Structures are given as structure tokens and as C-alpha cells.
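*Asks:* Okay, sequence plus prediction incoming.
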Amino acid sequence: MTVPDLSHVETWLFDLDNTLYPPACELMAMVDERMNQFIQRQAGLDPEAARALRREYFLEHGTTLAGLIAHHGVDPAAFIAEVQDVSMDCVQADPPLREALQSLPGRLLVFTNAGGSYAEQVLARIGILDLFEDVFHIEAADYIPKPQRSTFEKMIARHGVVAEAACFFEDSERNLAPAADLGMTTVLVGDHAAASTAPFVHHRTATLTPFLASAKLKEIAR
């Protein structure tokens, strides 16, 4: 197995859902179901039609929320408060991940399309909230989601990120395209990662912790 060379990386960017915790906990399935219920009520659709519309908006706009704002004038704060109000009992503390993150030289940031309160709750449940300098969430992005390039540029400007010295970890392949275009190193995370042939995906791993633990990192003078 080739050791990933990340010795140039000074800023570590992580997506949240299905990246910093495994999809097996099904947290996003609960959020998706609450979205379906919201759409049923908002658009007067049956469950099947609501699921189809949620997926359509996600693919077209980057998030379901962005589509609801564009086509239905939905209040984004109210939407987030409702659909991300789910039980987090399935999210468990992850000491090996914490250890791997602590070993990374430089700054750690979360870059997510989720809401800020939800993101902080999830990170706290995993036991890693204190390791991150900040969370760039959907509110900070003015509700314009990844993969919009303008959102990447806004995150970079807010945090003074040097793209060529940054590495971005994501479970969504399409969200890595603008990152690579801006000069970041990209890592696709998840069981689907090995099958990716996208040229903008530089590294692939099924799970985050072993990848971080095996990577070649910048040496810090002591």
C-alpha cells in the first residue's frame, strides 16, 4: 500500500456527515426523513413524491435546502432547526480518530453543508470538537452549499487558507472538484471511494482514521 504523502499540508479540512463518523450510524437517514416530512407539508406532496423532489433538489442545487429556498421561499433557519433536530444516540465517541487528528500538524477546520448547532453537537458526541479551530457551516456560507465554488472561496477568505497547503476530506465526490480546482489536495472517504476514477480525487480511503494514521506528515521542529 502506497503511503499518502501529505507532508505539504498545513490546513486540514473535513466534511462532517459520513466523513468524521461512519454512515452506519444512519444519522443522515434520520435527517433525510425529517426533510421528507418537511417537503410533504410544504409542497403538499405524498411521501414518494417528496423523496423524489428532495433528491432532485440535492442533485441540482447541492442541498435540498438550496432548492427549497430557490423554488419555495423556505426560511432556511427554520428548515435547519426542524430537520436537524434528531437523536444523536448513534454517534459514538471515537478515541482512535481523536488520536489521529491530534497528530496532524497545522490547523483543523470542519467544512460542512450542515447547520452550525448540529455540527457542534455531532463533533462533541464524537469527542473531537475541541480539536477544530472553527466550523464553516451552511449559515457561514449564507446558505449557498458546496460544491459551489463561491462557498469554497468564502471559506478560504474567512480562514486565510492557502489552498495549495490544504487537504480536504469528503464523502461526496462532486464536492472535491472545486477543491482540487483551487489547488487543494483531495481525499474521498467511504466504501465507494475505491471505485472513483475522477481525476480531481487525489487519494481514496474507505475509512478516515487508518488513512490519517498512515500518512506522511510535515515534520514539526521541536
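*Replies:* Perfect, thanks for sending it.

*Asks:* Name the residues of the lengthiest helix in the chain that are buried.
*Replies:* Determined from DSSP state H, the single longest helix within the chain is helix 27-43. For helix 27-43, burial by neighbour count (16 or more other Cβ atoms under 10 Å) applies to 27-28, 30-33, 35-36, 38-40. For every residue, glycine as well, the C-beta is placed using N, CA and C.

*Asks:* Pass me the low-pLDDT residue ranges in the protein, would you?
*Replies:* For the chain, the stretches with pLDDT under 70 are 1, 220-222.

*Asks:* Assign a three-state SS to residue 89, would you?
*Replies:* Of the three states, residue 89 takes coil under DSSP: H, G, I helix; E, B strand; the rest coil.

*Asks:* Tell me which stretches of the chain form strands.
*Replies:* Taking DSSP state E to define them, one finds strands in the chain at 5-6, 11-14, 107-111, 134-136, 166-170, 185-189, 203-205, 216-217.

*Asks:* how distant is stretch 2-18 from the center of its chain?
*Replies:* 13 Å (Cα atoms, centre = their mean, to the nearest Å).

*Asks:* Next, the buried residues of that stretch.
*Replies:* Along stretch 2-18, these residues count as buried under the neighbour rule (16+ other Cβ under 10 Å): 4, 6, 9, 11-18.

*Asks:* Among those, which one sits closest to residue 69?
*Replies:* Ranked by distance to residue 69 (Cβ to Cβ), the buried residues of stretch 2-18 are led by residue 17 at 19.8 Å.

*Asks:* domains for the chain, by residue range?
*Replies:* Domain segmentation of the chain under automatic domain parsing yields 5-23+92-217, 27-83.

*Asks:* circling back: in TSV: the buried residues of helix 27-43, plus distance to residue 135.
*Replies:* Shown next, in TSV, are the buried residues of helix 27-43 (distance: Cβ to Cβ, whole Å):
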residue	distance to residue 135
27	16
28	17
30	20
31	17
32	21
33	24
35	21
36	26
38	23
39	26
40	30
